[in-house]
Every structure is written in structure tokens, then in C-alpha cells.
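In: mind looking at a prediction? Sequence and model below.
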There are 2 protein chains.
Amino acid sequence: MARKQAATKQRQKAPPPGSRSPQDMLADLKGRLREIADLRAANAVLSWDQSTYMPEGGAAARGRQMAVLSRFAHERSVAPDIGRLLDALIPYGETLPQTSDDACLLRVARRDFEKAIKVPGDYVARANVHWSASYQEWTRARPANDFPSMVPYLEKTLDLSREYSEFFAPYAHIADPHIDDADEGMTTASVGNLFGELRRGLVPLVDVICDRPEADDSCLHQEFAKAGQLEFARHAAERMGYDFRRGRLDLTHHPFCTKFSAGDVRITTRVNERDLGDALFSTLHEAGHAMYEQGIDPALAGTPLGHGVSAGVHESQSRLWENIVARSRGFWDYFYPPLQRSFAAQLGGVPLDVFHRAINKVARSLIRTDADEVTYNLHIMLRFDLELRLLEGKLAVKDLAEAWRAAMQADLRIAPADDRDGCLQDVHWYSGTIGGAFHSYTIGNILAAQFYAAALKVHPEIPEQIRRGEFATLHGWLHDNIYWHGARFPPAELVRRATGSALSMQPYLGYLLDKYGALYRLPAG
Amino acid sequence: MARKQAATKQRQKAPPPGSRSPQDMLADLKGRLREIADLRAANAVLSWDQSTYMPEGGAAARGRQMAVLSRFAHERSVAPDIGRLLDALIPYGETLPQTSDDACLLRVARRDFEKAIKVPGDYVARANVHWSASYQEWTRARPANDFPSMVPYLEKTLDLSREYSEFFAPYAHIADPHIDDADEGMTTASVGNLFGELRRGLVPLVDVICDRPEADDSCLHQEFAKAGQLEFARHAAERMGYDFRRGRLDLTHHPFCTKFSAGDVRITTRVNERDLGDALFSTLHEAGHAMYEQGIDPALAGTPLGHGVSAGVHESQSRLWENIVARSRGFWDYFYPPLQRSFAAQLGGVPLDVFHRAINKVARSLIRTDADEVTYNLHIMLRFDLELRLLEGKLAVKDLAEAWRAAMQADLRIAPADDRDGCLQDVHWYSGTIGGAFHSYTIGNILAAQFYAAALKVHPEIPEQIRRGEFATLHGWLHDNIYWHGARFPPAELVRRATGSALSMQPYLGYLLDKYGALYRLPAG
């Protein structure tokens, strides 16, 4: 015990922060932040294992182990010592160039700290217990089409979501704190404006496409052996630039991307033997997320700058590869012949044109995750509107299922026969807060087009390269303009630096009109 | 920050341990111990992942993440609060029946705590850094046959091993603290006595066997497809009683067993397509370890009683299944026909007698892990003797390679041509202390025979059941007499309770003489 007491004494004897050099304090701060990052990474390993390989008997203890690590990470992230170091480093931070790594780190660390300390530990604990119980019940209730049993859970989730916002009062709108968590700098008002503009462009497009003959996607719904699907998806992801020496691909119920360190960014997928698109596009989607994380400046590893900057920007990277690249005609000019070789019996007689139209089929459908690129955003906007009405108290949880059906009917002209395909379909509300869950998907779609347009302005040769299965120029532009910066700049500044302008709807609407105008042979304009 | 300070204040306001009820303090203690167990389990997940699925790029950060979790677990295990709770609980402990769970827990928790606080944190950190570097260098040096480059590492390891013993001074022999860590209650003297007795029995047996014609094991060294080997090993492990709903089998370079919770005890194996025995017996060996951990009373989970009691007893459980059961004639009466069906081309024409002699072939060989059941212990005793001479300062590290060759020549009548097959062959000295690394393997062999004999005394029908592929009676006896108790009783007491006597050499020597006497048709006596 003697040595332990000596260690404690030594810590007490350390000079107060004010009298230490800024370099020393900064190193101290970085060490503490790295420790928090390591705890979170350890927890991510436990979570990945839980989804991939854990035997059923491991579930109960795993939940407890993850809760312990979460608690330690949270306790450390709100430690008063971090606040004292940040305060003591203010004068030093003011001497640094605004965009230096250390200045950026101090800005982001302060933002994270100030957010974290506003949320009491007991709230975090209560909320986690509730979400865990709610998720558990949802896994039973969804297949049973039992929305009524979810109502009390969702009411409590709504209360917790409102309570969360109150920690950040005053706010202009009760959803603002949730939206800012996901996408720094965005608000209910700014997202609402964007979505209004998008809706005005999308609704007529969907109407005119849905008046055309439906695309035939039966070629995708034959029997495709699992191993061949995985091998092809793996090959395409690698070719795009996902580095398997610093990652891997496993199977899970829901695809995801997770990062344990800059050298270990893993993705998962699922395989549907009756749907060729499922494994392929979800793998490329997750690879898009993963390439972002793999491409961050190693100098930022283990700091609060060492990850993607926001949910929307992250989603832009997955959507760019999944949709703009991997559903393009040029991509399949290169990849369709090997895909046909892999599945000669199924695709040998299917022309590229037919295949390309099949993977871009637009149709009004019930399930968000199965929706095409065009109607997808209507699913998001519907959820965003419902979230706002719930938070504002204008919609009661018990009326959600009916409100869902009405909104689907209004926006997509179809309505689900039951809640399984309605308001029970997404896990988000049943395992976390209401208010910041969905909007980032559409922000991602919008940004993907804006980034891609900016890359093409500098490198007009990119589409031609894609046609040859070469992705280095596009990957390189994304690496230099997005990936490398991690969370150095706030999202809006990153967008401005990368594209020369603020977030803009025009590239996305232009992309959709061009692509689907050609695919569905729509009249110009 | 306000809420956080409130939480801190609340902790400070808690009454001092002395004024709290014993039940309250015990619950507090158990909570702290469970948290330590959870941290260690989390670290075990990271370690398992490192050995199974981690991409090469993850190595550097993984080492750091594991070090953080180790440090947290260590800091918590030496926290003065634990010492205060243990002290305050002494009067309560004295009121409890000696063998009640709580009395056992207080005894083991105190032993663990008193051991832990004797080892300074800075020693733990220094030693871990050194072992990590030493292991790294060994992975290069062994294939390069470069013992000289390991000498400085091993010298530092020897210094660290001696330094460790000094924390526990006074001791009768400098190896005692290491031996007691692995096998509570054993000493250099007691192990030395046992080994002397074993050597007197073994050396003549090895001599007489090696004068007989060598068994033909060429049937094991054909080409055996990986998938078929794994499937058979998996099937046999499951049949013996390893519960895959609470475990799994993966591939690693070195086979091991690891536990994340009572419901998640995993094993690994390796497959050699030119050696049918490798995957099979290593799987059954690890399954023996795993069944022990799976069978512990769930009431002990997350406490210091919730794991196997000592290295020797643990090894007895793996050896019992691997050797006494799975290399017995009866086992193969049942399993050889399905094995022949799995590998008809290779084994269809090989009689059971020939196969059974092949898997029990005795031969003087260089590599411990490849050694047969009889000569194996000579390899252990050689290492144990060298460890003592190193620790006593009678052998210099630089002379180890030569001393190894001399000892091999004396004990096994063969000597390695190079150090790869000599003193560089085992990872133990190159990744941890010298002194407690090897003796437990032979203790395990001795105990395995003693436990098996005790089970047979109560259930003489066991061999006949094994011949029918039924293991429930043996598994049940081990469960009730060994597994269930976890670390409740010190090893010597567990042995006495299970077998009615102290650790004894006789059952083991009797087993070897009977089995190998029959196999090699030796004259009786």
C-alpha cells in the first residue's frame, strides 16, 4: 500500500495547472482525452463482438461490462481537471493560429466538455437503462406488430428527449440540442428550410417518375449464393479504396461501421440470397464511412479531432460511394462483366441497361431502408416532421401510428397495412432520443452531391476513371478535402473549404434530375 | 458540472466503513470486485479479438487500449477503500461458517488484495513494457535462431522476476512467490519433492519404452482437410460437455481458453493439415479448461471465487479430458468409426489398434508441446530445474542455451541442433516472469489422474460409458467436485474434498504404468 500512497501523494504534489507550462498542460489534456478515446474504443470492440461472434450466453454480462466502460469514459469526460486544464489553456489557445491542430483541439475539447457536463450522470444512467429496456421490448413488439405495448416506452423516451433539451436551455426550438449534437451548427429552422426546398423539388419528380412504366428489377431477385455475393462486395470495396489491412468485413443483422483505432476500422454487412443489392450496396455504404475514418490525419488519432466531424458529413461519404458512384452507369461499365462472370446463370443474359435500371428503380414503398435514392428523402422528411410534432407536444405518442399512416398517404400515396411496416420499422426511436435521429441521412445525400460536384470541377476526368474501375483520383480528393481534416473544422467550414460554398441543395437536385431524367427518359426541365 | 460535484459530495458524505452494517459493506465490496472483474473481462475480449480477428493495422492502438484497461483494473484492485472494507469486515467474517461463500470470498479477496498491494504500480508498468518488447523480439528471434539477441531481454526478465520475489520477502526460496501465485500453498520444496518422486518413476519407464520398437504414427500424418478436422473436434468437444451456447471455437496461432463471463467461455485451436492430432487434442484440451469455467456455481460469478482455483487444478481439467479420456482406447471405440467416416480415404484401412497406438506414441523429442504424455513431464522438470538455477544465481542467462542442451542430453538422451528447438521454443520466459511458468503443467497431469481415480471409485461405470460416447457421469462428478466450487477452497483442500486425500503421485504413476505397460506390452512391474 505504501507505493500506492506515494503515487497519490505525488499527484497531489503536482503544481496547480496555472503554474505549469502550456505545453505541459496540453500534453496532460491530450493524455486524458486519449484515455477517454481508448475506453470508448474498448467499448466499441465489446459492442462489435456482441453483434458478430458473441454466443447467446454472453449477453447479460456483456451489457454490464459495456455499462462499466461507458460509465468510466463518461466520468473521465466530465472530470473537473479537464475543465481546469481547458480554462488554464485559454490564454495559450488565443496565441495559436485559429486553424492549427492545437487550436482546433482546444475548441472541440471545450465544446465536448461543456456539452458533457450539462448532462447529469444520473440522467445518462437512467436513459441508458430505459433505452436498453425499450430496445429489448421493440425486438419483440415489431415482429408482433404490437405498437400499443411500445407506447409507454416511447412516451418515456419522449420525456427523456425533452429533458435532454432542457439541459441546453435556452434554445430556439426544443429539437435544436438534438440536431446540434448530430450536426454542429444546424438547427431545426435551418434543416426545415433545406427540407422545404428539397420537398419542392422532389415531389414533382417522384410524381412524374411514378407515372412512367415501373422498372423491372426481377434480375436482382434470383438466387445468389452467399459466398459469391460477399466476395464480390469485398472486391469492390477494396477496389474503391477500403484498406483491409486496417479493417475487415463481417456479417451482422444490421450493417454498420465501427472504429477501434486509425488502423482498425471495421465494417459489417448482411446477405440476402434473394436480393443481390442488399449485401453489395450496404457493404459499399459502410466502406464509405470506413474510408473516411481510415483517411484521417494520423496526427489526430486519439484526440477529439480524430473522427468524422458530423453525422451529416459522415453520411455524405457513405452515400457518395453507395449511390453516386456505385449506382452510376460508369461504375457498372467496369464491374458488370465480372459480376456477370460471378453469377453467369443469373445475369449472363441480362443486359447492362436492364441491370442498371434495376438497381435504380424508383417506386413508392413502405420501408425506408429499402427505398430508392429519390423517394428515400420523403421517408426522412416524414420522420423529421413527426419528431418535431412529438417534441413540440402537438402529437401524442398514442396517436403516432395513425399520424404515420396519414403522412405516408400524403407524401408517398401509400400507407402501411400494419405498424410493422409503419412507425415500428426503425430502431432509432426505440433505442435512443427522438429529435436527432433521421435528418442527417438526408443532409448526407445533399452533401454527397455537393462534394462530388466539387471534386469533378477540379478533376473532370473522374467519371471516365470510374468507367475503368479507377477510384484513386476521387478517393484522393475526398481524402485531402474531407477525410484528412477529421473534426478540425466545424461542418459548415469543412463544406466551404472543400466546395467553395455553403451547403447547397442545387447539386443534389441537379444530380437527381440528370440521372433519373435519363433513366426514365423524362422531358428536359 | 453542478451535478457532478453533487455526486462527489455524496460519496464524501457516506459514513465511514466502521459505522455501516456488514451486509452493506459486503455489498459495497462485492460491487467493487465485480467492477474489477468486468474490466478484466473487457480486456480479455480485446485480447481474444487481437488473437482471432484483429487486422494487422490495429496492433499498436490495441496494445495501448489493453494497457489502459489493465491499469484501471490494477488501480481498482489496490484501492485503499478495498483494504478498509476488508479490515472492517474482519469481525463479521469471524461470525460466518468457515466454508460459507461469504467467508471464502473474504479470505480470497484479502489474499488477492494483500498480494496486489505488495507489487508497486510502477513495477507493473515497467514489467509490462518489458514483456511486450521481449515478446516482440522473441517472435523475430526464434525463427532466426538468434538466442544471443534474447540474452539482454532475458537478463532483464530475470532481474524483474527476482525483484518480484523481493516484494514478498521473507521467503524460503526465491521461486516461492512465483509458485504460490500459480498454485496457492505449493512451494519450491514441495514441487521439488513431487518432481523427484515422479522422475524416479518416469525415467525407467521411458527407458524401457524406448527400447521397444517405435510405434507407427504415419496414419496421423496424411493430408486431412481443415473443415473436416474442425467439425470433428467441435463435435467431440460438444459431446464431452462443452456448451457452445455459452462458448465458441475459433482459430488462432496458439490454442487458448478465455472467459468473458460464466455465459461466454471461448476456446481456440489451430489446424495442421498434416497432423490429425493437432486440432483435435488441442480443442479437447481447451474444452477441458472451458468446461471447468462453465461449470462454476453462478452465485460466484463476478467475485474472486468465480474462476478456477489454481493453474495446476486448471491444467488437471484440460489434461484429464485430453489425455486420460480422449487418448483412451474406450473413447475411440466410440469415436473412431465416425472419424473413419469423416476421413475414409486416409483412415478407412487403418485398424483402431494402430490408430490408438499412434496417438499414444512415446518418443524422445525436442519440443515440449509435441511431446507424448510420458516424456512430457521430463520437459517440464528440465525447465523447472533451469528456472531455479537462474533465480538462485547459479546459472547465467548467457549460459542458458548450453545448459539446456546438457540437460536435454541427460534427461532425454537427445539434444537440439539449434536454439529454436532448444531454449527459444517456449514463449513463457520471453513474455513473463521466470519461476512460475511450467511446474503447473505437471501438477495438472498428476492431479488429473488423482481426480479420475476418485471419480471411478464412486462411479466404476465411467469407462464403460466412455466406450458408448457418454460423458455425463464423469462430467457430473467433475462438475460437483471441482467445477462448482470455483475458488472457494484452497487447492489442497479442494483436492482433499474431491479425492479424500492430499495430492498424491500414486494414481498418476499407476495410470502411466497400466496404460503404457499395455500399449507397449511391458513385463508387469
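Out: Okay, I see it. Please read all numbers here as calculations on a predicted model, not as lab measurements.

In: all contacts plus neighbour counts: C-alpha atoms, from now on.
Out: Fine.

In: what's the burial count for whichever residue of the stretch 251-400 of chain A sits closest to chain B?
Out: When CA to the nearest CA is the measure, the stretch 251-400 of chain A has its nearest residue to chain B at A:Gly263, with 4.2 Å between them. Using other CA atoms under 10 Å in any protein chain shown, A:Gly263 is surrounded by 26 other residues.

In: surely it is in contact with A:Gly295?
Out: No. The pair A:Gly263 and A:Gly295 fails to qualify as a contact (CA atoms under 8 Å) at a distance of 10.0 Å.

In: so which bits of chain A are right by chain B?
Out: Contact residues of chain A with respect to chain B, defined by CA under 8 Å from any CA of the partner chain, are listed as A:1, A:3-4, A:35, A:38-39, A:41-43, A:45-46, A:54-59, A:61-62, A:64-65, A:68-69, A:78, A:80, A:117-118, A:120-121, A:244-248, A:260-264.

In: go with 7 Å
Out: When proximity is defined by CA under 7 Å from any CA of the partner chain, chain A lies next to chain B at A:1, A:3-4, A:38, A:42, A:45-46, A:55-58, A:61, A:65, A:117-118, A:120, A:245-248, A:261, A:263-264.

In: which of those fall in helices?
Out: A:3-4, A:38, A:42, A:45-46, A:61, A:65, A:117-118 (DSSP state H).

In: mind checking which of the residues you listed are buried?
Out: Using 16 or more other CA atoms under 10 Å in any protein chain shown as the burial test, these include A:4, A:38, A:42, A:45-46, A:61, A:65, A:117-118 as buried.

In: just send these back as CSV, with distance to B:Asp426 and pLDDT too.
Out: Formatted as CSV, the entries for those read as follows, by distance: CA to CA, whole Å; pLDDT from 0 to 100:
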residue, distance to B:Asp426, pLDDT
A:Lys4, 34, 35
A:Asp38, 31, 96
A:Ala42, 30, 97
A:Val45, 30, 97
A:Leu46, 31, 96
A:Ala61, 34, 92
A:Gln65, 33, 94
A:Ile117, 50, 97
A:Lys118, 53, 97
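
In: return the member of those residues nearest to A:His74.
Out: Out of these, the one with the shortest distance to A:His74 is A:Ile117. That distance is 9.5 Å, counting by CA to CA.

In: for that closest one, give its distance to A:Gly277.
Out: If you measure A:Ile117 against A:Gly277 using CA to CA, to the nearest Å, the figure is 44 Å.

In: would you state the strands of chain A in chain order?
Out: Secondary structure of chain A (DSSP state E): strands located at A:249-251, A:257-261, A:264-269.

In: what strands line up against the longest one, and which way round?
Out: Sheet pairing of strand A:264-269 (DSSP bridges) gives strand A:249-251 (parallel), strand A:257-261 (antiparallel).

In: which among these is found nearest to A:Ile462?
Out: Once the strands paired with strand A:264-269 are compared by CA to CA, strand A:257-261 is nearest, at 26.1 Å.

In: rounded mean pLDDT for that closest one, please.
Out: Strand A:257-261 comes out with an average pLDDT of 97.

In: and for stretch A:83-94?
Out: The average pLDDT within stretch A:83-94 is 97.

In: for A:Arg3, report the pLDDT, please.
Out: Residue-level confidence at A:Arg3 comes out at 35, pLDDT.

In: hang on, the earlier thing: and among the strands of chain A, the most buried is which?
Out: When neighbours are counted by mean count of other CA atoms under 10 Å in any protein chain shown, the highest per-stretch mean among the strands of chain A falls to strand A:264-269, a mean of 26.

In: how is chain A carved up into domains?
Out: Split into domains by automatic domain parsing, chain A comes to A:16-171, A:221-344+A:446-503.

In: mind checking the end-to-end distance for the longest one?
Out: Right, domain A:221-344+A:446-503. Distance between the boundary residues of domain A:221-344+A:446-503 (CA to CA) amounts to 37 Å.

In: counting neighbours, what do you get for the closest residue to A:Ser149 other than its chain neighbours?
Out: Take A:Ser149 and drop its neighbours on the chain: the residue closest to it by CA to CA, 6 or more residues apart in numbering or on different chains is A:Ala141, 7.0 Å away. Residue crowding around A:Ala141 was assessed by other CA under 10 Å; the count is 19.

In: just for chain A, where's the confidence low?
Out: Within chain A, the stretches falling below the threshold (pLDDT under 70) are A:1-18, A:525.

In: ok, A:Lys30 - contacts?
Out: A:Thr303 (CA atoms under 7 Å, 6 or more residues apart in numbering or on different chains).

In: next one: it from chain B, what distance?
Out: Computed with CA to the nearest CA, to the nearest Å, the distance linking A:Lys30 and chain B is 14 Å.

In: could you do A:Gly185 as well?
Out: A:Gly185 is 23 Å from chain B, where distance means CA to the nearest CA.

In: same check, this time on A:Asp421
Out: In this structure, A:Asp421 and chain B are separated by 32 Å, where distance is defined by CA to the nearest CA.

In: tell me the contacts of the closest residue to A:Ile443 other than its chain neighbours?
Out: Excluding the flanking residues, the one nearest A:Ile443 by CA to CA, 6+ apart is A:Gly312, at 5.2 Å. Contacts here follow CA under 7 Å, 6+ apart; on that basis A:Gly312 touches A:183, A:440-441, A:443-444.

In: run the last query once more with 6 Å
Out: Listed by CA atoms under 6 Å, 6 or more residues apart in numbering or on different chains, the contact set of A:Gly312 reads A:440, A:443-444.

In: could you report the separation of it from A:Ser440?
Out: Using CA to CA, we find A:Gly312 at a distance of 4 Å from A:Ser440.

In: around A:Leu478, how many other residues sit close by?
Out: The number of residues near A:Leu478, taken as other CA under 10 Å, comes to 21.

In: residue of the stretch 1-150 of chain A nearest chain B, please.
Out: Closest approach between the stretch 1-150 of chain A and chain B, counting by CA to the nearest CA: A:Gly57, at 4.2 Å.

In: that residue: neighbour count?
Out: 18.

In: about what we covered before: single out the most deeply packed of the domains of chain A.
Out: For those, average neighbour numbers computed from mean count of other CA under 10 Å are highest in domain A:221-344+A:446-503, which has a mean of 20.

In: chain center to that one: distance?
Out: Centre-to-centre, domain A:221-344+A:446-503 and its host chain are 12 Å apart (CA atoms, centre = their mean, to the nearest Å).

In: check the stretch 101-250 of chain A for the residue nearest chain B and tell me.
Out: A:Arg246 (4.6 Å).

In: so that residue makes contact with B:Gly57?
Out: Yes. Using CA atoms under 6 Å, A:Arg246 is in contact with B:Gly57, at 4.6 Å.

In: between those two, which contacts overlap?
Out: Counting by CA under 6 Å, 6+ apart, the common neighbours of A:Arg246 and B:Gly57 are A:263-264.

In: grab the nearest non-local neighbour of A:Gly228.
Out: Nearest to A:Gly228 is A:Ser342, by CA to CA, 6+ apart, at 6.7 Å.

In: how about JSON lines for the domains of chain A, with distance to B:Leu85 added?
Out: As requested, the domains of chain A are arranged in JSON lines below (distance: least, CA to CA, whole Å):
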{"stretch": "domain A:16-171", "distance to B:Leu85": "21"}
{"stretch": "domain A:221-344+A:446-503", "distance to B:Leu85": "37"}
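
In: B:Leu86 is nearest to which of the ones you listed?
Out: Once these are compared by CA to CA, domain A:16-171 is nearest, at 22.9 Å.

In: distance from that closest one to the middle of the chain?
Out: Averaged C-alpha coordinates place domain A:16-171 at 17 Å from its chain's average position (CA atoms, centre = their mean).

In: returning to that earlier point: which ones are touching the residue of the stretch 101-250 of chain A closest to chain B?
Out: Taking CA under 6 Å, 6+ apart as the definition of contact, the neighbours of A:Arg246 are A:263-264, B:55, B:57.
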